[in-house]
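Peer 1: The sequence and its predicted three-dimensional model are supplied below.
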Protein chains: 2
Amino acid sequence: MPERDLQYLAGLAAQLRVDSVRAAAAAGSGHPTSSMSAADLMAVLFACHLRYDFDRPDNPANDHLIFSKGHASPLLYSLYKAAGAITDEELLTFRKRDSRLEGHPTPRLPWVDVATGSLGQGLPVGVGVAMAARLERLPYRVWVLCGDSELAEGSIWEAAEHAGSEGLANLTVIVDVNRLGQRGPTRHGWDTGAYARRFGAFGWHTIEIDGHDPGQIDFAFTDASNTRRRPTVILAKTRKGEGVLEVENREGAHGKALKDPDKAVAELGGVRDVRVEVHAPDTGADTAAEPFRFDAGELEPPVWPVGEQVATRAAYGEALAALGAARGDVVALDGEVADSTKTETFAEAFPERFFEMYIAEQQLVAAAIGLQVRGWKPYAATFAAFLTRAHDFIRMAGVSGSSIRLVGSHAGVAIGEDGPSQMGLEDLAMLRTVHGSTVLYPCDANQTAALLAEMADLDGVSYLRTTRGATPVIYQPGERFPVGGSRVLRHSPGDRATIVAAGVTVHEALAAADDLREAGIPVGVIDLYSIKPVDTAALIEAATTTGNLITVEDHRIEGGLGDAVTDAVSELGPRVIKLAVTGLPGSATPQEQLADAGIDRHAIADAVKRLL
Amino acid sequence: MPERDLQYLAGLAAQLRVDSVRAAAAAGSGHPTSSMSAADLMAVLFACHLRYDFDRPDNPANDHLIFSKGHASPLLYSLYKAAGAITDEELLTFRKRDSRLEGHPTPRLPWVDVATGSLGQGLPVGVGVAMAARLERLPYRVWVLCGDSELAEGSIWEAAEHAGSEGLANLTVIVDVNRLGQRGPTRHGWDTGAYARRFGAFGWHTIEIDGHDPGQIDFAFTDASNTRRRPTVILAKTRKGEGVLEVENREGAHGKALKDPDKAVAELGGVRDVRVEVHAPDTGADTAAEPFRFDAGELEPPVWPVGEQVATRAAYGEALAALGAARGDVVALDGEVADSTKTETFAEAFPERFFEMYIAEQQLVAAAIGLQVRGWKPYAATFAAFLTRAHDFIRMAGVSGSSIRLVGSHAGVAIGEDGPSQMGLEDLAMLRTVHGSTVLYPCDANQTAALLAEMADLDGVSYLRTTRGATPVIYQPGERFPVGGSRVLRHSPGDRATIVAAGVTVHEALAAADDLREAGIPVGVIDLYSIKPVDTAALIEAATTTGNLITVEDHRIEGGLGDAVTDAVSELGPRVIKLAVTGLPGSATPQEQLADAGIDRHAIADAVKRLL
């Protein structure tokens, strides 16, 4: 590399360090030292390798850069300043109220794909973004900056396995091996070979370099770009806090502003105004090209006659295949249980749009997040119970505002003999807490198909809960079920109480209502298929007219349908009796399970009688 | 191996297959084919290598056997029958209501350490059990049977990293590489070398064998037992459904009873009555020896004067160190954030009882589960937000009835500038849904110390939520805070409403109550430090006397304190106003965050005024 270029890169890197120190000093907190170690790596990336049109963040030909080590946000924002995307004034709003330069990057910034800060997530999401390139037949590259500490996360190795096995050559991971974690030395310190052996075993091309040598860095990026059929990991040995003696390569200097920022800035050569011209992608005649989508046709949703016995999971599979035929942007992923979730119906119809993610639920959800970064509409399915494995990814998807669609099958004790390890009993609570989420729980096949189609255009994280066993179809084909709505299934002026149910318990509630009517006790029944947002008006109406609500759900008593109902009516204050799973189920038939959990028709009827 | 032994082992393995087929046939479901592939492996283990006293499952010298592939439960139960621990009659109760032979193994059986069935968990837990041997200076071995499909789980590689780096030579993993997952072929099929390269890179001794050849199996177990300073993985190439042509090595035969079990049994040589004598551990003169525990002394809890500003996370660290001095069975683990959670106070006092688990929250929780299998009292800490990473492990700990203590720091928006990725806003909801859990949330240092000590003798999963910033000490040292209790902090006969708070919002509630009193509106304040179990009597008393409850919490509105309160009083039906986090926080100071989320003193006072 010519001396002039080396001098320029050294000056740019020094400025990135200076600005990281300044931003953290202005905030009084942040992670300047974790930024300083990676400054040379990112200087070379921005100046020589990244292809990104800062004026058009939505240019489909743009590369993607994900800071998996999100705490190095001062470095990222300093890069934006050097690229002319933000001003120095804005840089110094870092971590202040209403600033879009948050402590960890979020998509409030148009150049950020996903929120990071929960370590070990940026790489798995980057894998999803890289996967999309194959569908789109576009040559963009995905660059992920990781810390060395986060390589301890299992999600990193789920990603390593998927990217390695799929040969995602457009993915380059840069690991800032600065040896020091938050509390002290990492497990492997500067032993970049330890990481190289691991990534190598997973099928990656590995490069070990001095992360402060621009020539080596440039060579590594070039090598990565030229590598075929394999992703590349660049293991860069660096010093945390590089350039400032007070903190350089020292323990105890993590995650805090420098004590004497002015001295540090002087030591780094003072404030500069170096600009970096990031090259826009060379799209030739294709600048206006839309990213590829599959052919689309008319939506012809599957229909089932009223009275037929159909599992909602089966309806999901068929409805998703119908949606795939109608929309060229729908893709599906599954956690190696597509024969159980019934994603296989879609997979057989559209093999090129189906992704087998094997038993790796974090990567399953992360891939969905990555695909939606590129505008796809991903549906990701596994057992409801096993979505808990990806809770942190789902939480962060909420922070990112990522639009992903999750489907959890085998909900509740109604699965029967398999026992508690396989029962989704916490999923409603988990999904309800996600920021901006939608939680849907259909009770029959036609409703499932309708809700699945609704999900396609929802923003944020949406969730569909399906049932293993067959339940009777009670709705006509073609009926609409708006998100946030509910259905009154039984109602009479003399209703003594209203039973609120969803999914499998709707059928138990209807049976209980029939039993109660025979016993001279008329009760209403509401199908609360939309758990979040919930139909507050309908619930308040029911509470006002009948005074008593009985909620019944195949879920733990905490955080699910019952809590959604009490939340909706809490300011009114009706009596609410909650029936839900409170004990520890074992193995038994589905009907025995419902009885043992106290959520079957008899338990509901008993609760009504007890109440009155 | 002598021909006579080979014949015996072949007969034993055949019986295990026959009994697996029979048990699944009696149940009409289950996983016979996944059992048949591993029958030879387990026959040799039970006959020649396992050291286990079936008459004394609590013998501390016993080996541990964990079926990470819990769906192979028919094989496990068939082994128990061959070992004389259960009868043939009980074997045929498999998956029936009230049978302790559930679809997936649980500790209802005295020989099962932990519930499995959520794949990828048995190995990480086994790592924890193996870690305990060093503390206890006992020579027991840990044998874990894994499926090949579950090697896709990131948690497996967290475990591989920890066990490899720690050199846990007493841990042997047997992988039943039967090539077929649930839906179809695994990623690597019979390429045992692919797995060997991965485990090898993580520092393991690897052995590749034919999993149906007793001689090779026996040699591998001997090799594993003789290997020093490294854990061993035995990668055994097997055929799923081995021995029955209808299902052997065929897709589509996962997780179902065989179509013609009688024919299959005949093909396998018919029903046998082979017994296996599992050797009890040779404990010499030590049969009565208790497992080692550290020296214990008097509990001298730290004390703080009322009015001092102390972060509850700091109080946790000091209180845990005091508890460690008082109890020889307390151990602590942390996810590489001990300087933030303040576990470091314990780590510095008792380095031999502190486990740095690095940034691997699944292994963090799994290690705690493994340690409690051996009778230790583990406290595992990380940021509350990052405990979501281990949700599925916590869920399964609830199924197992494992007694682990979790501590989540940096709860809520009150952390301030770091932003939403670091905020624990879903932890109360997550922990409340866990079967048999206890959820505690102290508001001051003395209360933290008291609750931490209470946790030591709690059964099941218990959780302590701590706060980043300093809050004033309001309770005297030495006050007691029983689990399931609450504290009335403000109360007068004329109270117009009662504010229910916990943790950081207790202080906001007290300030609001003071403001309201000045405005002529007396209100009560309850410190609901025990979120689960909740003090229903006190809440009903407050609801009855003041009619109106206002809940305020630094947590999402779904599933937390507010829902715990509405659940407790729902059958009574008071008005409840819930104040909680509903938007997406950014960066801001702690006080700005509380204001923006609408949970500070002003928001509380406004809510009371609006209500009245």
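Peer 2: All right, it came through fine.
Peer 1: Which one of the residues in chain A is closest to chain B?
Peer 2: residue A:154 (2.5 Å; CB to the nearest CB). C-beta: built from backbone N, CA, C; applies to glycine.
Peer 1: count of residues packed around the nearest residue to residue A:120 once chain neighbours are set aside?
Peer 2: Distance criterion CB to CB, 6 or more residues apart in numbering or on different chains; nearest residue to residue A:120, sequence neighbours excluded, is residue A:153 at 2.9 Å. By other CB atoms under 10 Å in any protein chain shown, 33 other residues sit near residue A:153.
Peer 1: Over to residue A:252?
Peer 2: Residue A:252 has 10 nearby residues by other CB under 10 Å.
Peer 1: got a list of what residue A:465 touches?
Peer 2: A:384, A:407-408, A:411, A:424, A:427-428, A:439-442, A:503 (CB atoms under 8 Å, 6 or more residues apart in numbering or on different chains).
Peer 1: Without its sequence neighbours, what residue ends up closest to it?
Peer 2: Closest to residue A:465 by CB to CB, 6+ apart is residue A:441, at 4.3 Å.
Peer 1: what's the answer for residue A:57, then?
Peer 2: residue A:110 (4.4 Å).
Peer 1: and if you look at residue A:150?
Peer 2: Closest to residue A:150 by CB to CB, 6+ apart is residue A:119, at 3.7 Å.
Peer 1: quick revisit: the residue of chain A closest to chain B: neighbour count?
Peer 2: 28.
Peer 1: Tell me if I am right that residue A:173 is in a strand.
Peer 2: Yes: using DSSP: H, G, I helix; E, B strand; the rest coil, the secondary structure at residue A:173 is a strand.
Peer 1: what's it in contact with, if anything?
Peer 2: Taking CB under 8 Å, 6+ apart, one finds A:123, A:126, A:144, A:146, A:231-234 in contact with residue A:173.
Peer 1: change it to 7 Å
Peer 2: Residue A:173 makes contacts with A:123, A:144, A:146, A:233-234, as judged by CB atoms under 7 Å, 6 or more residues apart in numbering or on different chains.
Peer 1: circling back: format the contacts of residue A:465 as JSON lines; extra columns: neighbour count, pLDDT and secondary structure.
Peer 2: Below are these laid out as JSON lines (neighbours: other CB atoms under 10 Å in any protein chain shown; pLDDT from 0 to 100; DSSP: H, G, I helix; E, B strand; the rest coil):
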{"residue": "A:384", "neighbour count": "32", "pLDDT": "98", "secondary structure": "helix"}
{"residue": "A:407", "neighbour count": "29", "pLDDT": "98", "secondary structure": "strand"}
{"residue": "A:408", "neighbour count": "26", "pLDDT": "98", "secondary structure": "strand"}
{"residue": "A:411", "neighbour count": "27", "pLDDT": "98", "secondary structure": "strand"}
{"residue": "A:424", "neighbour count": "29", "pLDDT": "98", "secondary structure": "strand"}
{"residue": "A:427", "neighbour count": "29", "pLDDT": "98", "secondary structure": "helix"}
{"residue": "A:428", "neighbour count": "36", "pLDDT": "98", "secondary structure": "helix"}
{"residue": "A:439", "neighbour count": "29", "pLDDT": "98", "secondary structure": "strand"}
{"residue": "A:440", "neighbour count": "28", "pLDDT": "98", "secondary structure": "strand"}
{"residue": "A:441", "neighbour count": "36", "pLDDT": "98", "secondary structure": "coil"}
{"residue": "A:442", "neighbour count": "29", "pLDDT": "98", "secondary structure": "coil"}
{"residue": "A:503", "neighbour count": "31", "pLDDT": "98", "secondary structure": "coil"}
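Peer 1: before we move on, back to that, can you pull the phi/psi pair for the residue nearest to residue A:150?
Peer 2: Main-chain dihedrals, residue A:119, degrees, to the nearest 10: phi -60, psi 150.
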